[in-house]
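> Fold the following.
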Amino acid sequence: EQYEGYFAGEDIGRFGVEGAFEKYLHGKRGGRQVEVDAIGRRMRVLDEVLPIPGRNVWLTMDIELQKVAESCMEGKVGGIVALDPNNGAVLAMASNPTFDQEQFVRGLTREQWQGLSKDPRHPLLNRCIGSAYPPGSTYKPLVALAGLQEGAVTQETSFGCPGFLFFANRKYRCWKDHGHGSVSVERALVESCDVYFYQTGLRLGVDRIAQYAHYFGLGEKTGLGLRGEHPGNIPTSAWKKKVFHVPWQKGETLSIAIGQGFDTTTPLQMANAYAAVANGGKLWQPFVVRRIEGGSSGEIDEMKGKLKWNIPVDARCFQIVNKGLYGVVQSERG
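Prediction:
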């Protein structure tokens, strides 16, 4: 059914945009019905069907930015995503190691396929969308926004960081061995103080953290439209009970408050969450095709950004967190 109307030997898009938008790119093969005599000489054309060329698909990519992203990934394993925070358009997406899609159109030898499929670095995987990782400290601004919006902390609330938090007979360490001293939200973001977020996480609890992570589109597919998107995982107390048949432990809240433990997200999800932090609370659905052109000048489908929802967090909270994030890259202690 998937290839109804196709003929043997026709090229088919397999991966990425070529796979997802095959029905627009493909077009239709033409043909002639002819009458021949007994020895195969052509007498006359009975019917002719003209070929229909595939449509042109224009991407949202910024080619210069894409080149930079790909050069940054050379020799590394991972992914880079850049989005336009005003509408969710994907400006760059680079995953490494990668492979040549043309090989699949031309046909692979058995050795080439074995080489790709058995490579321990998984070149066939688009790490930007198809693989989920613990977000680590990139998760902290979302916990800060949840804490501020819920009143668990204020701009002035400060916690002492001696380099660890002693909780339930165990030391939960901060990355900075001798600690940050007394820290409030802005400095906690600038210097990425773990203890501040342990404390904020305990005040919020796992389920309120998960609720805000959901507001920012985490724990579910973004709906980009490419195959193989991973939903990631944002834990709740009910999720743990269902999967492991044991209740949630408060110590686990400390891990997830700094983006570790059961938290996993894709690079695309995190880029999209940060776009929503940057634009003051608009969660867009990322998209990769800007327009689809047909054979006639009138046959153009323009793709526009699709707003999923406005995140229910006050502008003041976004201002505080954005100031902290500005400090991450601009202040000497960031």
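> Low-confidence stretches in the stretch 201-334 of the chain?
295-298 (pLDDT under 70).
> ok, which stretches of it are helices?
With helices called from DSSP state H, counting those that start in this stretch, the stretch 201-334 of the chain shows them at 206-215, 237-244, 250-257, 267-278, 315-330.
> Turn those helices into a markdown table, including distance to residue 145 and mean neighbour count.
Where C-beta positions appear, they are placed from N, C-alpha and C, glycine not excepted. As requested, the helices of the stretch 201-334 of the chain are exported to a markdown table (distance: least, CB to CB, whole Å; neighbours: other CB atoms under 10 Å):
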| stretch | distance to residue 145 | mean neighbour count |
| --- | --- | --- |
| helix 206-215 | 6 | 20 |
| helix 237-244 | 21 | 13 |
| helix 250-257 | 13 | 20 |
| helix 267-278 | 7 | 23 |
| helix 315-330 | 5 | 16 |
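> Just put those helices in JSON lines and tack on distance to residue 45.
Formatted as JSON lines, the helices of the stretch 201-334 of the chain follow (distance: least, CB to CB, whole Å):
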{"stretch": "helix 206-215", "distance to residue 45": "62"}
{"stretch": "helix 237-244", "distance to residue 45": "66"}
{"stretch": "helix 250-257", "distance to residue 45": "70"}
{"stretch": "helix 267-278", "distance to residue 45": "52"}
{"stretch": "helix 315-330", "distance to residue 45": "68"}
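> Of these, which is nearest residue 177?
helix 250-257 (17.7 Å; CB to CB).
> and the closest one, C-alpha only, in CSV?
Extracted C-alpha coordinates of helix 250-257, given in CSV (Å, rounded to 0.1, in the frame of the first residue of the first chain):
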residue,chain,number,x,y,z
LYS,A,250,12.7,12.1,47.9
GLY,A,251,16.4,11.5,47.2
GLU,A,252,15.5,10.9,43.6
THR,A,253,14.0,14.4,43.4
LEU,A,254,17.4,15.8,44.1
SER,A,255,18.8,14.0,41.0
ILE,A,256,16.0,15.1,38.7
ALA,A,257,16.2,18.7,39.9
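> elements contacting that helix?
Secondary-structure packing of helix 250-257 (3 or more CB pairs under 8 Å, 6 or more residues apart in numbering; DSSP states H and E): strand 164-167, strand 170-173, helix 194-204, helix 206-215.
> okay if I get these as CSV plus distance to residue 78?
Output for the helices and strands packed on helix 250-257, formatted as CSV (distance: least, CB to CB, whole Å):
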stretch, distance to residue 78
strand 164-167, 30
strand 170-173, 26
helix 194-204, 23
helix 206-215, 22
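> A helix includes residue 71, no?
Yes - if the criterion is DSSP: H, G, I helix; E, B strand; the rest coil, then residue 71 is within a helix.
> tally of neighbours for it?
Per other CB atoms under 10 Å, the neighbour tally for residue 71 reads 9.
> residues in contact with residue 134?
Residue 134 sits next to 259-261, 263-265 when contact means CB atoms under 8 Å, 6 or more residues apart in numbering.
> wait, I meant residue 252
206, 235, 240, 261-262.
> and those residues as a markdown table, adding distance to residue 194?
Shown next, in a markdown table, are these (distance: CB to CB, whole Å):
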| residue | distance to residue 194 |
| --- | --- |
| 206 | 17 |
| 235 | 18 |
| 240 | 22 |
| 261 | 13 |
| 262 | 17 |
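> Now flag whichever of those is closest to residue 170.
Of those, the one sitting nearest to residue 170 (CB to CB) turns out to be residue 261, at 14.2 Å.
> so how many other residues sit close to that closest one?
16.
> now it, nearest residue through space, not along the chain?
Ranked by CB to CB, 6 or more residues apart in numbering and with sequence neighbours excluded, the top spatial neighbour of residue 261 is residue 255, at 3.3 Å.
> correct me, but that neighbour touches residue 248?
No - contact criterion CB atoms under 8 Å: residue 255 and residue 248 do not qualify, at 11.5 Å.
> which residues does the nearest residue to residue 60 once chain neighbours are set aside bridge with?
In space, and not counting its chain neighbours, residue 60 is closest to residue 89: 3.9 Å by CB to CB, 6+ apart. Assessed by DSSP bridges, residue 89 has beta-bridge partners residue 287.
> And for the one 4 residues further on?
When bridges are assigned using DSSP bridges, the partners listed for residue 93 are residue 81.
> quick one: it from residue 290, how far?
Distance of residue 93 to residue 290, computed by CB to CB, to the nearest Å: 14 Å.
> Same question for residue 317.
Counting by CB to CB - residue 317 and residue 290 are separated by 33 Å.
> swap in residue 43?
50 Å.
> Kindly report the same for residue 327.
According to CB to CB, residue 327 and residue 290 sit 35 Å apart.
> quick one, what contacts residue 208?
Contacts for residue 208 were tallied using CB under 8 Å, 6+ apart; they are 146, 150, 152.
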